[in-house]
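1. Need the 3D shape of this:
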Amino acid sequence: MKTDQSRTPEPQNENPRMPLTRKNYVLLAVGFAIILVGFLLMAGGGSDSPDEFNYAMFSWRRITLAPILVIGGFAFEIYAIMKRFH
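-> Residues are numbered from 1 along each chain as shown. As a prediction, this is how the structure comes out:
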């Protein structure tokens, strides 16, 4: 007597050789943009003359905001790689 086993078929729209989907790549691009914005906010602040010290180098934007964006962007990249879409 043959038993009737019902198996759920795997989705055919995903390529089994590709571990990341289109949504993963979109999230990776968003994470890259966050990292890029963080590095752009970190740039600048140097003085025009070597004889003068420019305190703009130690602004809140360069010391606090930009590193938080860069680290957050890298954390978002890890999430974008690890996220599984069904």
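
2. only C-alpha atoms for contact and neighbour calcs from this point on.
-> Fine.

3. Distance from stretch 46-61 to the middle of the chain?
-> Relative to the centre of its chain, stretch 46-61 is centred 30 Å away, using CA atoms, centre = their mean, to the nearest Å.

4. swap that for stretch 60-78, sorry
-> 10 Å.

5. Now tell me what touches that stretch from outside.
-> 27-28, 31-39, 41-43 (CA atoms under 8 Å, 6 or more residues apart in numbering).

6. Kindly tell me how buried the residue nearest to Y55 when sequence neighbours are not counted is, as a neighbour count.
-> Excluding its sequence neighbours, the residue lying closest to Y55 (CA to CA, 6 or more residues apart in numbering) is G45, at 7.9 Å. For G45, the neighbour count with other CA atoms under 10 Å is 13.

7. For the longest helix seen in the chain, buried residues please.
-> In the chain, ranked by residue count with DSSP state H as the criterion, the top helix is helix 22-42. Judged by neighbour count using 16 or more other CA atoms under 10 Å, the buried positions of helix 22-42 are N24, L27, L28, V30, G31, F32, I34, I35, L36, G38, L41, M42.

8. Next one, pLDDT for the first one please.
-> Among the per-residue scores, N24 shows a pLDDT of 94.

9. how far away is it from A80?
-> Here the distance between N24 and A80 works out to 5 Å (CA to CA, to the nearest Å).

10. cool, and the fifth one?
-> With the distance defined as CA to CA, G31 ends up 8 Å from A80.

11. cool, and the last one?
-> M42 sits 24 Å away from A80, taking CA to CA as the criterion.
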